[in-house]
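>>> sequence first, predicted coordinates after that:
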Amino acid sequence: MKAVITVVGRDRIGIIAAITKVLADTHVNILDISQTIMQNIFTMVMLVDLSNLNCEFSRLGELLNEVGKELCVDIRLQREEIFTSMHRI
Amino acid sequence: MFDVNDILETINMISQENLDIRTITMGISLRDCASGSAKELCRKIYDKISFCAKDLVKTGEDIERDFGIPIINKRISVTPISIVAEGSDSENYAIFAKVLDDAARNVGVNFIGGFSALVHKGYTKGDKLLIKAIPEALSTTERVCSSVNVATTKSGINMDAVKEMGLIIKDCAERTKDQDAVACSKLVVFANVPEDNPFMAGAFHGVGEPECVINVGVSGPGVVVKALKHLNGADFGTVAETIKKTAFKITRMGQLVAQEASSRLKVPFGVVDLSLAPTPAVGDSVAHILEAMGLESCGAHGTTAALALLNDAVKKGGVMASSYVGGLSGAFIPVSEDSGMIDAAIRGSLSIEKLEAMTCVCSVGLDMIAIPGDTPASTISAIIADEAAIGVVNNKTTAVRIIPVPGKTVGDVAEYGGLFGKAPVMRVNPFSAEAFINRGGRIPAPLHSLRN
């Protein structure tokens, strides 16, 4: 199963480091990362593979939310199908 | 791989533009519950709903979390109770409404539809008893919704039922006068009712439907408004194209959720209802779409044309996005549930007559409209007759969900809160239709119903 993680918020040091630590701890493999800064707003989109995930999907969402709160950024974890179904025929 | 802009577009639709799945509605057949004993029937109804829908709310919440798309309502529709209860020994059908209410509470859904009767050609014993019980049922339960179909293109308009529904609506209003006649917001009078509509208050599980089925209703007026705001001065071809593309995306979301819910619950997928359903939230208004096309205020001349374009483009975009489309499928124009409609009614640009014209080109009918509490029952019946005539002659669904608010008159506002919103009391034509309504009988089916 694949999922998309999106991170939006004010740029600061250590956002990617904190998130990738959670992913490494939960055995999530990163397939693709794209990151930009638009008008001081940090935007990152990450495609991840959850086939070796060592906890529940909902637990991963909670862990990312905790990191998001600490960093004051908005983190979303959503299954990939929502994007493929909306944008590809 | 993936396109960052596409991903951000989807996320913006959800977080900024109120894109959501309005409802996952599980249709449950209660035909096998029929019993001569009312007590036994109540027990069977409760048990069957509790069993079939036990995982509905949890599954909805799981899907919401996994995909990050809000699913606002999880609901149930059942076989019309007039059919299920007909063989029972009870003469008071309000007890069955009570059971539906209890079962809905037990499984955690906010509405259950199907306290319904189909009387377009005439009444059976069960239909009579059910309609008689509607005021008590809706004023003593919280989650039960009721609907009555009084006309079809094939059979014409049952004017006896039209007359009776005027009286029933008045009775519902009177019994809930302390809450601005809230019972009327749970009662819909239909012409050409669809049997697979997932939206309340008009949902029921038709007799041609399977044992159990999942239907999904999508939403997303805010997404369409946003898309149109970038199109200043563009011609109508461009406007229609933009709405089509947006409707496609919205509906794909509905299709995904419907398939996912169907496979997780092991219940067949029925239809996606391609409707733009507004809510009172800011930025979730169908009226604002019409205004974004260039009208100063919804209800201005040009509104019917704008709505016709919108309704058609939503269907054209949506139909390719889903494998099965059904229900009402079109744009909804409920006054109290749409902040743009509320404003338009208050500023005097939107009248009942204009709304009636708008119902000729969109999916439903006169929906969630408050009228003065002293409106005679015969006038309400006449409003229903007009709507039914539009539906019957134009081969489409029309409906009336109208609220005569006791003690209130034009200029007042009825407050319901939540998804039902607030309804400014609108002016009704003061001239009488009493002698017309008192004729009774049936208006024959139109010539073009003879298609064989």
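Thanks, I have the structure now.

>>> now whichever strand or helix holds B:P404: mean pLDDT?
B:P404 belongs to strand B:398-405 when assigned by DSSP states H and E. In this model, strand B:398-405 has a mean pLDDT of 97.

>>> and what of stretch B:336-348?
The average of the pLDDT scores along stretch B:336-348 is 94.

>>> and for stretch B:241-248?
Computed over stretch B:241-248, the average pLDDT equals 93.

>>> list the buried residues in that stretch.
Applying a neighbour-count criterion of 16 or more other C-beta atoms under 10 Å in any protein chain shown, one finds B:E241, B:T242, B:I243, B:K244, B:T246, B:A247, B:F248 buried in stretch B:241-248. C-beta here means a position set from N, CA and C on the backbone, and glycine is covered the same way.

>>> in helices only, show me those residues.
B:E241, B:T242, B:I243, B:K244, B:T246, B:A247, B:F248 (DSSP state H).

>>> which among those residues gets closest to chain A?
B:F248 (8.7 Å; C-beta to the nearest C-beta).

>>> contacting residues for the closest one?
B:G317, B:G318, B:M320, B:A321 (C-beta atoms under 8 Å, 6 or more residues apart in numbering or on different chains).

>>> buried among those? Make that a ChimeraX selection.
Only the buried entries of these go into this ChimeraX selection, using 16+ other C-beta under 10 Å:
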select /B:317,318,321
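
>>> need the contacts of B:F248 in JSON lines (columns: secondary structure and distance to chain A).
Below are these laid out as JSON lines (DSSP: H, G, I helix; E, B strand; the rest coil; distance: C-beta to the nearest C-beta, whole Å):
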{"residue": "B:G317", "secondary structure": "helix", "distance to chain A": "12"}
{"residue": "B:G318", "secondary structure": "helix", "distance to chain A": "13"}
{"residue": "B:M320", "secondary structure": "coil", "distance to chain A": "8"}
{"residue": "B:A321", "secondary structure": "coil", "distance to chain A": "9"}
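
>>> for residue 27, the count of nearby residues, please.
Because you didn't say which chain, this covers chain A. 13 (other C-beta atoms under 10 Å in any protein chain shown).

>>> oops, wrong one, chain B.
B:G27 has 31 nearby residues by other C-beta under 10 Å.

>>> ok, and the closest non-adjacent residue to it?
Closest residue to B:G27 apart from its sequence neighbours, by C-beta to C-beta, 6 or more residues apart in numbering or on different chains: B:H205 at 3.9 Å.

>>> same check, this time on B:G126
In space, B:G126 is closest to B:E86, 3.1 Å off (C-beta to C-beta, 6+ apart).

>>> what's the nearest residue to the closest residue to chain A within chain B if we skip its chain neighbours?
As assessed by C-beta to the nearest C-beta, chain A sits closest to B:G68 within chain B, at 3.6 Å. Spatially, and ignoring its direct neighbours in sequence, B:G68 is nearest to A:Q78 (3.6 Å; C-beta to C-beta, 6+ apart).

>>> show me where the stretch 51-200 of chain B has its helices.
Listed in chain order, the helices of the stretch 51-200 of chain B (DSSP state H, counting those that start in this stretch) span B:56-67, B:81-84, B:94-107, B:125-140, B:159-175.
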